[in-house]
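> Test case, fold it:
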Amino acid sequence: MGQNYLESMSLIPFNKPYFTGKETEYIRQAVESTKISGDGGFTKKVHEFFESRYGFKKVLLTHSCTAALEMAAILIDIQPGDEVIIPSYTFVSTVNAFVLRGAQIVFADSENETPNMDVSKIESLITTKTRAIVPVHYAGIACDMDVIMALADKYKLFVIEDAAQAVDSFYKGKPLGSIGHLAAFSFHETKNVISGEGGMLVINDSQFINRAEIIREKGTNRSAFFRGEIDKYNWVDIGSSFLPSDIIAAFLYAQLENIDDIQQKRKQLWNYYFEGLKPVADLGLLKLPYVPDYANNNAHMFYIVCRNGDDRQNLIEYLKTNNVNAVFHYLSLHQSPFYLEKYKGGPLANSDHYSECLIRLPMYYELQKDDITLICNLIRSFFKI
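Below is the predicted model:
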């Protein structure tokens, strides 16, 4: 039975969570502190880490990036009928957070060079009902934030960065998540630093800080009470329970202590892929990730874009046959069963192209150079070069 089980496993999985070795020790410390609900000692350490390292004005850990986006939608007071501009090529949470508040989603197409939203098309989507722009930094590669922030200033809009994949990534030297009014990060097990499930809201506009604490604590001013700023706490606003356990924060803090090592290794692996597949791309058989001059690469993922859907499907199956688990990614949300009848815009050709042709290759800390050489050789073999 053991041998059959091993034979059924992928030789190279798509993802494998990395453990630094301190996670269980810090979880034990959190448990022994007897404060394992939200905002315990490790939560405070995580908050201090991000605010100090990246200069975020205020951060609040949440139980998911989805929760952080939902908090952002409440903070900017999205009302039924408000319009929010979001790329179609993104995860459903980016959109759900605003749909839950009654917003109408105005989907933007992707760029030709990257899956990020095409900033040159945003202004044509703005109407008197537009309230916010939500750029998604796909694969940790920055959107052109100068253009987006200029439009937000011109039309008095809010910018909420979906930085789920963008920890330790930068735009013109500025940390992603520090540029918009608000930002949301993910620490899901597929991300660079992880806590299993988990997220974080970043607040760069001071007007939102106090209310964010209230929304996160079920609509109460409980945080101010525990700081001794008021003598009792009350229900003062809408909200929900967006706090993660301090056990989750303890796990995450062990990861953050090793973020430089994790990032160095992931970038090394990313470069191995790029060099190994460049000969295939040079022949026009696929496209490699493009990193604009204004962005850096945090090596969140390595993806390739095939010429067509048949190539994509056949390559995924070929790799799987050879014990390599590669996967496709998002399907255009404007084409989704939930939103198709609601969508009033035109074709989004680039978004649909990425939906049909993009493949994510295995990427995790413990991946080896030999693994990547094998994967690259399989892809070359598939294309008969």
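> so who does His47 touch?
Val59, Leu60, Leu61 (CB atoms under 8 Å, 6 or more residues apart in numbering). For the C-beta atoms, the positions are set from N, CA and C on the backbone; glycine is no exception.
> quick one: which helix or strand includes Val106?
strand 104-108 (DSSP states H and E).
> just checking, what packs against that strand?
strand 83-87, helix 92-99 (3 or more CB pairs under 8 Å, 6 or more residues apart in numbering; DSSP states H and E).
> To Glu356, which of the ones you listed lies closest?
strand 83-87 (15.9 Å; CB to CB).
> gap between stretch 236-253 and the chain center?
18 Å (CA atoms, centre = their mean, to the nearest Å).
> just to revisit the earlier point, so among the contacts of His47, which ones count as buried?
Those of the contacts of His47 that meet the buried threshold are Val59, Leu60, Leu61, by 16 or more other CB atoms under 10 Å.
> helix, strand or coil for the first one?
It refers to Val59. Here Val59 is strand, with the state taken from DSSP: H, G, I helix; E, B strand; the rest coil.
> Just give the nearest non-adjacent residue to the spatially most central residue of the chain, would you?
With distances taken as CA atoms, centre = their mean, Ala164 lies nearest the centre of the chain, 1.8 Å away. Residue nearest to Ala164 in three dimensions, not counting chain neighbours: Ser186, with 3.8 Å by CB to CB, 6 or more residues apart in numbering.
> What separation do you get for the one you found and Val106?
24 Å (CB to CB, to the nearest Å).
> More neighbours: which of those two?
Between Ser186 and Val106, counted using other CB atoms under 10 Å, Ser186 has the larger neighbour count: 29 against 21.
> in the sheet, who's paired with the more buried one?
Counting by DSSP bridges, Ser186 is bridged to Gly199.
> quick one: it and Asp162 touch, right?
No. Look at Ser186 against Asp162 with CB atoms under 8 Å: they stay out of range, at 9.1 Å.
> any common contacting residues for these two?
In contact with both Ser186 and Asp162: Cys65, using CB under 8 Å, 6+ apart.
> Please tell me how far Cys357 sits from Tyr273.
The gap separating Cys357 from Tyr273 is 17 Å, by CB to CB.
> Output the longest helix belonging to the chain.
Taking DSSP state H as the criterion, the chain has its longest helix at helix 259-282.
> circling back: which residues sit in contact with the residue nearest to Ala164?
So Ser186 contacts Ser64, Cys65, Ala164, Gln165, Gly198, Gly199 (CB under 8 Å, 6+ apart).
> just Ala108 next, same as before
By CB under 8 Å, 6+ apart, the neighbours of Ala108 are Ile85, Ile86, Pro87, Ser88, Met117, Asp118, Lys121, Ile122, Leu125, Leu348.
> My read is that the fourth one contacts Val106, right?
No. Under the criterion of CB under 8 Å, Ser88 lies out of contact with Val106, with a separation of 10.0 Å.
> hey, where'd the strands end up in the protein?
58-62, 83-87, 104-108, 130-133, 158-162, 170-171, 174-175, 182-186, 199-203, 286-287, 302-306, 358-361 (DSSP state E).
> angle of the third one against strand 83-87?
Read it as strand 104-108. With axes from the mean of the first three to the mean of the last three CA atoms, to 10 degrees defining the directions, strand 104-108 sits at 30 degrees from strand 83-87.
> Okay, angle between strand 104-108 and helix 92-99 too, please.
140 degrees.
> Can you list the strands that strand 104-108 pairs with?
As assigned by DSSP bridges, strand 104-108 forms pairs with strand 83-87 (parallel).
> now do the fourth one
For strand 130-133, sheet partners with direction are given as strand 83-87 (parallel), strand 158-162 (parallel), following DSSP bridges.
> Nearest to Glu51, out of those strands?
strand 158-162 (16.3 Å).
> re the thing from before, mind putting the contacts of Ala108 into JSON lines with distance to Ile247?
Output for the contacts of Ala108, formatted as JSON lines (distance: CB to CB, whole Å):
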{"residue": "Ile85", "distance to Ile247": "37"}
{"residue": "Ile86", "distance to Ile247": "33"}
{"residue": "Pro87", "distance to Ile247": "34"}
{"residue": "Ser88", "distance to Ile247": "36"}
{"residue": "Met117", "distance to Ile247": "36"}
{"residue": "Asp118", "distance to Ile247": "41"}
{"residue": "Lys121", "distance to Ile247": "44"}
{"residue": "Ile122", "distance to Ile247": "41"}
{"residue": "Leu125", "distance to Ile247": "42"}
{"residue": "Leu348", "distance to Ile247": "41"}
